Structure formats: structure tokens, C-alpha cells
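Novice: structure for this input, please:
(one chain, ligands or ions: 1)
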Amino acid sequence: MSTKYKRDPDSTKILREKNIEAEAAKPREVDKSPGVRLEINAEDIRKRLFPEPALIKRKINYMVLRDQEKLLVEWDSDLYDLIVDTYINPSKHGRGALHATGDKKKKNLYMSDVSKCPREIFYAFFEPETARDYTFKGLCFFGDGNMHHEDIQSRLKTARLARNPEGYLELDDPHCTGYYDDLIHIKYDEKAGIEYCDMVEIKTKMPSAIDNVKQSDYDQAQLYHYAAQHSKRLKSKNIKIQNIVLIYKDRSLMSNKIFGTFRVQPDPDRCVDVLNYFRWLEKMVVGEKFLCAHPYERKSTKCQYCKFVEHCWAKIALPPVKLADVDTLIAGAADAELVDSLAQKLRELITLEKDISKEIKTLTPAFLGYMLSKKLVDIAINETEKFTVRHKNTTEWNRDFLKQKIGEKYYSFISTPNAALIKDLIKRFDADASVFEQAKTIKQSKPFLAITKINNSVETEEKEEEETNAD
Ligand code: SF4
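Specialist: Numbering: from 1, shown residues only. Okay, the predicted model is just below:
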């Protein structure tokens, strides 16, 4: 990885000279047709580009640059390495470390820790060296996040909404700090000399996440509400906070809205829960160095994105993998010399299968529609088989009725009613089976076509019944 941008001047020069040579050696098309050569001047070109209305009617003239088959370009790996290095080693390139990545060793709780796993918080305090390094992609996310923050702050400022970009919030009990992104002026109470503002928190998100407020952002906003009430800094400036405003920005620009803007009001009950959680973190995780059990599964999104994942799960062995039995496949392996032709054949068959399946999907509803419109249950295909209109039956359970009839205690054994659990309950407690019968509704699925036997009534399709639940 280079730290100084040094392009190898010869690589580009040699390539360029080779290209010029190759271009010069190419045979050019020469117009050898006899007759008068068309002299084109600027006026002709203008006429062709902007034809008179009369010409347009007869013939459309236009000129476009078509794509070339091959472009004379080369990958500039030196420049790529340099850009990557500005993220990985910013100080070498005269840039400060990205603010959002912060110091690896945690010194106090942040209000944004509300979304973090308590084990992650433990490691950040006491074993920060076990964190994996940020990936280049992760560093790009941080860099882009900062850029989005600054852009939104500057827009609010030029729109004369911003009151005082960024600021600290601090709580004594539980001790934690927060960092809001802006204050939006709402009104000024001249009599009391108090300015009312909304506090802004900006977050960059995936496109699917900008429509709804995430619980952890809501919880962080509750901490901001509480901290703002107790902030000496805001009090000294005679500022009162009305709401916490969350601004989400779709970092990929893939959604239609791009922004999500939400006003979060104070929710005292939730605030108590969040404060209690932080008190527990402060007392147990930070104070008593308590490393709690794993609250998430190794495969969870939380763990996959966690920078302590390797260290955190190091002592828990990966589940053993029972390898699939491939012996029979190996026993039936094709001869090596047939493999090429088999590959071709298999490709053709898969294409054919797709075409056939497409056709079945078109013909089936038409055929089924005909049978339903004529109220026909069967249509014979040949002497032994027929097409039959079938339905799948699903059972819906009236949970409230069940709870009322069998009581909360027994209902808790089958909290999600299904046939197997109910059968077991009836057997173990000699329950009245008719109660369950009364709580059922059988719902038919959309009709489908089945091929059934004509003579002996042995049907090819097994009767299927699925369990679903409904209140
Ligand atoms: S890997 Fe998972 S369980 Fe471990 S600290 Fe990270 S989020 Fe928590």
C-alpha cells in the first residue's frame, strides 16, 4: 500500500504508446465509391442537426456517438491504494482520525449506547484491544455519515432554522454523555426570556429504515429529553427543549423519500426504563466489571456487525456440521469425457424446464377458471386420470374464546394453538375436546388443480391441512 501517490509514469506511457501504434496500424475504411464526394460544411451539419420542419416529415436526420467496443483505459491501482490509505491511515495524509470512530477505549457511557449490547460495552471499557479493526467499507460509512451530518446542519443553518449546531448533554445519574446535532428555533417567550427549541439528532440509514423510528433511536431521544431538562448548559442560555427531532437520511439514495423526519415527544414511562437500564450498565457492567451472558445469537445481525464478535464467541465452539451424504452421487458420477457434452445438455434442459414451467403457469389459471365458472369439480384427462379442483384447508383458532374456556393456565401450555399441542393437552389433562372444536374455523385456500385417479379413487395428492392462528 503506498502512502504517497506515485504513479508509475512508464506504465501509462507504454500503454499509451502501444495504443497509438495499434490505432495507427489499424486498416481504415476508405470511401472508394466513384462519383462526386459529398462536401460537408458547417451549414450542412447545422441543417442535419436541426432539420427544417419540412425535412423532419420526410426523413429523420440525427447524429449520435455510439459506444465503442473497447475503451483505452487502465485501472489506476496507485490512486486506488492512496484513497483507501487516506481512510485507514488518515494522519499520514494530513487528516484527523474520523470523529465517529472515536477512541477505542471507552471512558464513559454514551447515550447512544442504548442500542449497544451490554457485552460490547464491557469489552469497549475493559478489553478494547480485542476489537477488530474497522474495515475500509466501515470507515467509508463513518466518513459519509459525517458528510451527511454536516450537509444537513448547513442546510438548516442557511434556512435560518438552526440555532446552535451541536452540543454536549451530560447526566449525573446515571452518568452518561450525549452529543446532539442541532437546535431548531421554535419560539421566543419575551416575557420569560426563554427560547423554545427542538433538539436535532441526525442518523444515516438504509433505505428500508427511514420510514419508521427505530426503538433504540426513540430510547436515545428519551434520554435527550431527560438530559435536556437537567442541562445546566441549556439553562444558562435560557433554552428549553420541546421535542427531539430525528432526521433520518437514506445514505444510498435508493428510496423515494430520502429523508425521514420525526418529532419524538417525552415518554416518561419509557424514560424510566431506559434510565434504569443505564443505571444497571453503570453499576454492574462498568462498576463491577460484570460480563453478562450472550444476549444475541452468533448469527444475529447485532453480532455480525459487532467489532468484538471474534473475541466474544471465541470460547464457544461452532456447532458441528454433519456433512451431506454425497457417496451415492459420487458412485453415479459421469465419465470425464462426457462432462462437456453433459454440461451443454443440462443447460438446455434447465432452460426447457423454465419455459415449460412458465407455460404451466399461464395455462393452469385459464383451465381452472373454466372449471370454476362451469362449477365442474373434475374433468377427465384419459381413462384413469382426471383434473380435480382442490383446496388446502387451514385451521384458524379463536384465541380469546379458547383462553376464556380453558383458562389462562392451560392456555399458556398452547400459547400458539396447533393440532399437536392441543392433542397433547387433551391427553394430559383429560380436557374437553369439544371446546377446541368450537374454537376452530376451517378456512379454504385458493383452489388449485390436482391430478387424481378415476377408478379406485386413490388420489395422488395427499389431503393437506395447515395450522394457522387467528384471534
Ligand atoms: S458479538 Fe454479539 S453478544 Fe458479543 S458483544 Fe457483540 S453483539 Fe454482544
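
Novice: mean confidence (pLDDT) on stretch 128-143, please.
Specialist: When pLDDT is averaged over stretch 128-143, the result is 91.

Novice: do it and the ligand come into contact?
Specialist: No. Stretch 128-143 stays clear of the ligand (Cβ under 6 Å from any ligand atom), getting no nearer than 10.0 Å. Every C-beta, even on glycine, is put in place using the N, C-alpha and C of the backbone.

Novice: let's test this: mean pLDDT of stretch 205-215, rounded?
Specialist: Rounded mean pLDDT across stretch 205-215 is 94.

Novice: repeat for stretch 447-457
Specialist: 82.

Novice: likewise for stretch 169-189?
Specialist: Per-residue scores along stretch 169-189 average to 93.

Novice: now do the same end-to-end measure for that stretch.
Specialist: 23 Å (Cα to Cα, to the nearest Å).

Novice: list the buried residues of it.
Specialist: Leu169, Leu171, Pro174, Cys176, Gly178, Tyr180, Asp181, Asp182, Leu183, Ile184 (16 or more other Cβ atoms under 10 Å).

Novice: can I get these in JSON lines with distance to the ligand?
Specialist: As requested, these are exported to JSON lines (distance: Cβ to the nearest ligand atom, whole Å):
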{"residue": "Leu169", "distance to the ligand": "25"}
{"residue": "Leu171", "distance to the ligand": "24"}
{"residue": "Pro174", "distance to the ligand": "20"}
{"residue": "Cys176", "distance to the ligand": "19"}
{"residue": "Gly178", "distance to the ligand": "21"}
{"residue": "Tyr180", "distance to the ligand": "26"}
{"residue": "Asp181", "distance to the ligand": "26"}
{"residue": "Asp182", "distance to the ligand": "30"}
{"residue": "Leu183", "distance to the ligand": "33"}
{"residue": "Ile184", "distance to the ligand": "34"}
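
Novice: of those, which pair is most distant in space?
Specialist: For the buried residues of stretch 169-189, the farthest-apart pair by Cβ to Cβ is Pro174 and Ile184; their separation is 27.6 Å.

Novice: quick one: distance of stretch 263-273 to the chain centre.
Specialist: Offset of stretch 263-273 from its chain centre (Cα atoms, centre = their mean, to the nearest Å): 27 Å.

Novice: first to last residue in it, what's the distance?
Specialist: 20 Å.

Novice: with stretch 292-308 instead?
Specialist: Span of stretch 292-308 from end to end, Cα to Cα: 14 Å.

Novice: quick one: is that stretch near the ligand?
Specialist: Yes. For stretch 292-308 and the ligand, the contact criterion (Cβ under 6 Å from any ligand atom) is met by His294, Tyr296, Lys302, Cys303, Cys306, Phe308.

Novice: now do the contacts for the closest residue to Cys292 other than its chain neighbours.
Specialist: Nearest residue to Cys292, sequence neighbours excluded (Cβ to Cβ, 6 or more residues apart in numbering): Pro118, at 5.3 Å. Contact partners of Pro118, counting by Cβ atoms under 8 Å, 6 or more residues apart in numbering, are Leu281, Val285, Cys292, Pro295.

Novice: quick one, phi psi at Trp227?
Specialist: Trp isn't right for residue 227; it's Ala. phi -70, psi -40 (degrees, to the nearest 10).

Novice: who is the closest residue to it other than its chain neighbours paired with across the strands?
Specialist: Distances taken as Cβ to Cβ, 6+ apart place Leu169 nearest to Ala227, at 4.1 Å, with adjacent residues excluded. Beta-bridge partners recorded for Leu169 (DSSP bridges): Gly178.

Novice: contacting residues for Leu169?
Specialist: Leu169 sits in contact with Met111, Thr177, Gly178, Tyr179, Tyr180, Tyr224, Ala227, Ala228, Ser231, Arg233, where contact means Cβ under 8 Å, 6+ apart.
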